[in-house]
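Engineer: I would like to see how this sequence folds:
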Amino acid sequence: MLKALIVVAMLSGIVVVAAAGRAAAQRSDAHEDANSARSDAMLGTFDRYTPVPQDNVFATTPGLEQQARRSTFTFNGLAPIFYNSNADLTPSGGTAGQNSAEFSPIVGVSWSTPVFDLPLRFTAGVRAEIDRFTQAPSADFDKVALSSRLQYIDPANDQAYSPYFVYAPRFDFDPFFRERFATRQDLNLGVNKTFNFEADFRRVPLSPDTLAETVWSFGVTVFGQRRFRDPQPSSWAFYVIPSMTYVISESWNVSLGIEIMRRWFDPYLGFNEADWFIEPIATLEFVLPAAWFGSDRNARLFGRPAIDLQMAYEQNWSNIPAFSYSAWHVGAALKLGWRF
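Structural biologist: Alright, predicted model coming up:
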């Protein structure tokens with residue numbers, strides 16, 4: 001009898017550890033995918049002036065379906081501060097989540113280049129981000145994300161179907177990058193498609209570069225993903241991400257996007273989780289006029305600053321109730337970009 005009790009206790013401990021690890025994986029997958037989408041939404045606004053990486057989940061990102069004229073390096077800074085209604089990811093239907101301010105600055109560098117004379121563009125990048133919560137310090141952590149993207153580009157039409165392949169590893173660390181506690185590696189195969197219109201909703205004629213004539217842009221990104229994760233479990237996912245942008249003036253633009261995702265986790269110590277996820281995101285951007293800096297040259301030296309105001313709502317439904325949650329995010333960010 002004593003041996004049986006010892007065995008039961010050991011098995012219970014294993015299940016508890018597995019559940020804790022599973023909860024950490026769930027946070028890093030659903031919530032962190034949502035966090036990345038919000039950052040991409042700010043980097044993907046229809047801003048004709050602030051340079052942004054040519055690697056984004058929103059098809060309406062300026063230049064995402066255009067060929068690189070030459071090899072270029074882009075440096076970006078993003079300094080968002082948000083109200084987060086559920087920083088500790090309290091499960092839906094339970095007690096109220098922990099409200100908190102969230103500060104998540106990002107710095108990144110990317111390199112884009114045409115691939116010989118082929119209708120292909122290659123983009124490689126690295127981002128470093130720190131996440132800090134005033135009321136939920138247990139959620140603090142840092143991350144370094146790398147990506148490499150090979151994309152088909154129609155050299156005569158930046159509104160064509162644009163298939164791509166992405167390999168994107170990410171490394172998660174305790175605060176101040178003290179110790180790595182998780183690694184994930186994503187393989188994404190997808191396609192972008194955009195439809196650009198003038199102010200009166202006449203379709204912009206097809207050409208290699210339609211940004212100057214575009215006032216309304218509608219797009220969709222669809223991709224499948226295989227994610228390898230340490231600690232386990234790994235997973236499969238399918239994404240559909242519609243987006244639209246409206247250029248109000250040279251200084252103002254607004255963007256809307258919805259990330260819709262279905263994820264299936266590999267069986268792991270008795271868990272067989274499958275999730276549905278949705279996150280609508282609205283971003284209003286003000287690009288600081290070059291005249292405020294004295295000249296266009298000075299504005300470029302300062303990174304063509306823009307202020308983004310953003311509201312988003314994320315909802316994750318899981319067949320394991322403990323992993324279902326929802327959260328509101330409302331905040332603002334300073335965006336900077338340089339291209340060489």
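Engineer: Quick check: end-to-end length of stretch 85-105?
Structural biologist: End-to-end span of stretch 85-105 (C-alpha to C-alpha, to the nearest Å): 19 Å.
Engineer: what does that stretch rub up against?
Structural biologist: 27, 31, 35, 39, 77-84, 129-136, 138-139, 315, 317, 321-329, 331 (C-beta atoms under 8 Å, 6 or more residues apart in numbering). (Glycine included, C-beta is placed from N, CA and C.)
Engineer: So how do I select the buried members of those in ChimeraX?
Structural biologist: A single ChimeraX command is used to select the members of the contacts of stretch 85-105 judged buried by 16 or more other C-beta atoms under 10 Å:
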select :27,31,35,39,77,78,80,82,84,129,130,131,132,133,136,139,315,317,323,324,325,326,327,329,331
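Engineer: Which ones among the contacts of stretch 85-105 map onto helices?
Structural biologist: Taking DSSP state H as the definition of helices, these contribute 35, 39.
Engineer: Filter the contacts of stretch 85-105 down to just the ones in strands.
Structural biologist: If you go by DSSP state E, the contacts of stretch 85-105 have 77-84, 129-133, 315, 317, 325-329, 331 in strands.
Engineer: Just the pLDDT for residue 65.
Structural biologist: You'll see residue 65 listed with a pLDDT of 94.
Engineer: What sits closest to residue 170 if chain neighbours are left out?
Structural biologist: Distances taken as C-beta to C-beta, 6 or more residues apart in numbering place residue 145 nearest to residue 170, at 4.3 Å, with adjacent residues excluded.
Engineer: Could you check how far the one you found is from residue 53?
Structural biologist: In this view, residue 145 and residue 53 are 11 Å apart by C-beta to C-beta, to the nearest Å.
Engineer: same thing with residue 138?
Structural biologist: Here the criterion is C-beta to C-beta. By it, residue 138 lies 31 Å from residue 53.
Engineer: do the same with residue 208
Structural biologist: 20 Å.
Engineer: Looking at the two, which is more packed in?
Structural biologist: Taking neighbours as other C-beta atoms under 10 Å, residue 208 and residue 53 compare with residue 53 leading, 27 against 14.
Engineer: ok, the residue nearest to the more buried one when sequence neighbours are not counted to residue 43 distance?
Structural biologist: Spatial nearest neighbour of residue 53, chain neighbours left out: residue 110 (4.0 Å); criterion: C-beta to C-beta, 6+ apart. Distance of residue 110 to residue 43, given as C-beta to C-beta: 10 Å.
Engineer: Kindly report the same for residue 337.
Structural biologist: 8 Å.
Engineer: list the residues that contact both of the two?
Structural biologist: 52, 76.
Engineer: Out of the two, name the residue with the larger neighbour count.
Structural biologist: Using other C-beta under 10 Å, the more surrounded residue of residue 337 and residue 43 is residue 43, with 26 against 22.
Engineer: Which pLDDT value belongs to the closest residue to residue 35 other than its chain neighbours?
Structural biologist: Leaving aside its sequence neighbours, residue 35 sits nearest to residue 104 (C-beta to C-beta, 6+ apart; 7.0 Å). pLDDT, residue 104: 94.
Engineer: Give the buried residues for the longest strand seen in the chain.
Structural biologist: Among all segments of the chain classified by DSSP E, the strand with the greatest residue count is strand 180-197. Using 16+ other C-beta under 10 Å as the test for burial, strand 180-197 gives 182, 184, 185, 186, 188, 190, 192, 193, 194, 195, 196, 197.
Engineer: what about the closest residue to the fifth one other than its chain neighbours, which SS state?
Structural biologist: Right, the one you point to is residue 188. Leaving aside its sequence neighbours, residue 188 sits nearest to residue 166 (C-beta to C-beta, 6+ apart; 4.1 Å). Under DSSP: H, G, I helix; E, B strand; the rest coil, residue 166 falls in the strand class.
Engineer: what bridges to residue 166?
Structural biologist: Under DSSP bridges, the beta-bridge partners of residue 166 are residue 149, residue 188.
Engineer: Tell me if I'm right that it and residue 185 touch.
Structural biologist: No. Between residue 166 and residue 185 there is no contact, the gap being 11.0 Å when judged by C-beta atoms under 8 Å.
Engineer: And the helices in the stretch 1-150 of the chain?
Structural biologist: Secondary structure of the stretch 1-150 of the chain (DSSP state H, counting those that start in this stretch): helices at 2-26, 32-43.
Engineer: how far does the last one sit from the chain's center?
Structural biologist: With C-alpha atoms, centre = their mean, to the nearest Å as the basis, the distance from the averaged C-alpha position of helix 32-43 to the chain average is 3 Å.
Engineer: Check stretch 123-136 too.
Structural biologist: So, by C-alpha atoms, centre = their mean, the centroid of stretch 123-136 is 11 Å from its chain's centroid.
Engineer: Same question for stretch 131-147.
Structural biologist: With C-alpha atoms, centre = their mean, you get 15 Å for stretch 131-147.
Engineer: Tabulate the CA atom coordinates of that stretch in CSV.
Structural biologist: What follows is stretch 131-147, C-alpha atoms only, in CSV (Å, rounded to 0.1, in the frame of the first residue of the first chain):
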residue,chain,number,x,y,z
ASP,A,131,8.3,42.9,-21.8
ARG,A,132,7.7,44.6,-18.4
PHE,A,133,4.4,44.7,-16.4
THR,A,134,3.9,47.1,-13.5
GLN,A,135,1.3,44.9,-11.8
ALA,A,136,2.4,41.5,-12.9
PRO,A,137,6.2,41.2,-12.6
SER,A,138,6.0,37.4,-12.9
ALA,A,139,5.1,37.9,-16.6
ASP,A,140,8.3,39.9,-17.3
PHE,A,141,10.7,38.3,-19.8
ASP,A,142,12.9,39.2,-22.7
LYS,A,143,13.2,37.7,-26.2
VAL,A,144,15.3,37.7,-29.3
ALA,A,145,13.6,36.8,-32.6
LEU,A,146,15.3,36.0,-35.9
SER,A,147,13.7,35.6,-39.3
